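**Student:** would you be able to build a 3D model of this:
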Amino acid sequence: MSMIEETDILDEPEDSEPIAPKLNETPASTELGPAPDHDGSPPPNTTAVVPVTALQQYLAEVRRYPYLSKEEELQLFQEYHTHGSREAAVKLIMANLRVSISIAAEYLHTGADHMDLIQEGNVGLMQAIKKFDPSKNVRFYAYAAWWSRAYILRYLLHTFRLVKIGTTQDQRKLFYNLKKEKAKLERDGFAPDTKLLADRLNVRERDIIEMDQRLGNWELSLDQPIGEDQENTLLDVLPSHQEPADEQLADHQLKTLFRAKLAEFIKTLEERDEDILRNRILSDSPLTLDDLGNKYGITKERTRQLEARIIKRLRDYVKKDIKDFDRLRI
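**Tutor:** Prediction:
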């Protein structure tokens, strides 16, 4: 069977066309046990001493929906594609819920909730039914398995950390395959060093080191208490990089005073000097010395001298009333 890398499906599942197994393959075995009779009748009632969990109830409910024959499947897809029959789509999904259950069981070692994994796989089933082409002579469960796996893997990637750890194709590939490749090398008698892993996974050594560090460390919530008997959190003891409130207030007052003095200073300038101040010294997109020189018929050097003189006059004018002018940040 032709295989597709997990990362390839995860990049753009909406446009991918997963390769299905051969027609003579049967659905993977699941923990559901044998399929019920095709009449869809529920299993006989039993009495249980141990309370039934939500997962057990779900599995029991899925058992009520039998597998579809190829002919039944094609008929339902014809109704769905031709008439947009919602009922036909529901029957197709319900008959293939075992696909998500089987694939979800493969990822229980990640610590994710089993029902969450199953539901993500079911979302993949709904996406698969939109993309499936019955004319390809492929059974739907084989095609849908790839979509179910893709959505489960995407869910794991997005929820593995509070901070997303896989943003590029190489990072996603490492996330899914690094531990598996290490275990494989150890079974074959090789030491899984960084260079060997990079060669086997076709990535840079630096990527291996970074992903190893990410997978080996867990985030800490800033709201986590420091100790069992303390109400203080980690956030309370982290140093703040912001300025103290009194310094922020002082800086705001300085800027307000400076703007007032600047307005007074501008009134003392001639038209040419005011133009240089506004469009050269204070502007976010200042004119060049050449532009100003051409405008007033003076040389570039003369314009520079005028600019320097205006700046000096402004500093002298403001410093008379603002003693803390040197600590002002504009």
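
**Student:** which SSE is immediately downstream of the helix or strand hosting residue 55?
**Tutor:** Here residue 55, judged by DSSP states H and E, is contained in helix 54-62. Counting by DSSP H and E, the element after helix 54-62 in chain order, helix or strand, is helix 70-83.

**Student:** could I get the average pLDDT for the helix holding residue 55?
**Tutor:** The average pLDDT within helix 54-62 is 91.

**Student:** could you do stretch 296-304 as well?
**Tutor:** 93.

**Student:** next, the buried residues of that stretch.
**Tutor:** Within stretch 296-304, the residues scored as buried using 16 or more other C-beta atoms under 10 Å are residue 303. Glycine gets a C-beta too; all of them are placed from N, C-alpha and C.

**Student:** straight-line length of that stretch, end to end?
**Tutor:** 13 Å (C-alpha to C-alpha, to the nearest Å).

**Student:** next one: that stretch to chain centre, how far?
**Tutor:** Per C-alpha atoms, centre = their mean, to the nearest Å, the displacement of stretch 296-304 from the mean C-alpha position of its chain is 55 Å.

**Student:** got it, and stretch 198-215?
**Tutor:** Computed by C-alpha atoms, centre = their mean, the chain-centroid distance of stretch 198-215 equals 19 Å.

**Student:** need the CA coordinates for that stretch. PDB is fine.
**Tutor:** This file holds the C-alpha atoms of stretch 198-215, laid out as PDB (Å, rounded to 0.1, in the frame of the first residue of the first chain):
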ATOM      1  CA  ALA A 198      19.100  14.700  11.400                       C
ATOM      2  CA  ASP A 199      20.200  12.500   8.600                       C
ATOM      3  CA  ARG A 200      17.400  10.000   9.100                       C
ATOM      4  CA  LEU A 201      14.700  12.700   9.300                       C
ATOM      5  CA  ASN A 202      16.300  14.900   6.700                       C
ATOM      6  CA  VAL A 203      16.400  18.000   8.800                       C
ATOM      7  CA  ARG A 204      19.100  20.200  10.400                       C
ATOM      8  CA  GLU A 205      20.900  19.200  13.600                       C
ATOM      9  CA  ARG A 206      19.800  22.500  15.100                       C
ATOM     10  CA  ASP A 207      16.100  21.600  14.500                       C
ATOM     11  CA  ILE A 208      16.700  18.300  16.300                       C
ATOM     12  CA  ILE A 209      18.200  20.000  19.300                       C
ATOM     13  CA  GLU A 210      15.500  22.700  19.500                       C
ATOM     14  CA  MET A 211      12.600  20.100  19.300                       C
ATOM     15  CA  ASP A 212      14.300  17.900  21.900                       C
ATOM     16  CA  GLN A 213      14.400  20.800  24.300                       C
ATOM     17  CA  ARG A 214      10.700  21.700  23.600                       C
ATOM     18  CA  LEU A 215       9.500  18.200  24.100                       C
END
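
**Student:** so for the helix or strand hosting residue 184, mean pLDDT?
**Tutor:** Per DSSP H and E, residue 184 falls inside helix 169-187. Here helix 169-187 scores 72 as its mean pLDDT.

**Student:** and whatever helix or strand comes next after it, what does it pack against?
**Tutor:** The element immediately downstream of helix 169-187 (helix or strand, assigned by DSSP H and E) is helix 194-201. Where contact means 3 or more C-beta pairs under 8 Å, 6 or more residues apart in numbering; DSSP states H and E, helix 194-201 is packed against helix 169-187, helix 205-216.

**Student:** buried residues in helix 194-201?
**Tutor:** Buried residues in helix 194-201 (16+ other C-beta under 10 Å): 196, 197, 198, 200, 201.

**Student:** which one of these is nearest residue 79?
**Tutor:** Each of the buried residues of helix 194-201 was checked against residue 79 using C-beta to C-beta; the closest is residue 201, at 45.1 Å.

**Student:** confirm for me that residue 243 is in contact with residue 251.
**Tutor:** Yes - Residue 243 sits in contact with residue 251 when judged by C-beta atoms under 8 Å, with a separation of 7.5 Å.

**Student:** more neighbours: these two, which one.
**Tutor:** Comparing residue 243 with residue 251 by other C-beta atoms under 10 Å, the one with more neighbours is residue 251, at 16 against 11.

**Student:** which positions within the helix or strand harbouring that one qualify as buried?
**Tutor:** Per DSSP H and E, residue 251 falls inside helix 245-266. Buried residues in helix 245-266, counted by 16+ other C-beta under 10 Å: 251, 254, 257, 258, 261, 265.

**Student:** which of those residues sits closest to residue 141?
**Tutor:** residue 251 (66.8 Å).

**Student:** tell me the pLDDT at that closest one?
**Tutor:** At residue 251, pLDDT is 79.

**Student:** same thing with the one 10 residues further on?
**Tutor:** At residue 261, the model reports a pLDDT of 86.

**Student:** ok, the residue lying closest to it once chain neighbours are set aside - contacts?
**Tutor:** Ranked by C-beta to C-beta, 6 or more residues apart in numbering and with sequence neighbours excluded, the top spatial neighbour of residue 261 is residue 318, at 4.8 Å. By C-beta atoms under 8 Å, 6 or more residues apart in numbering, the contact set of residue 318 is 258, 261, 262, 265, 325.
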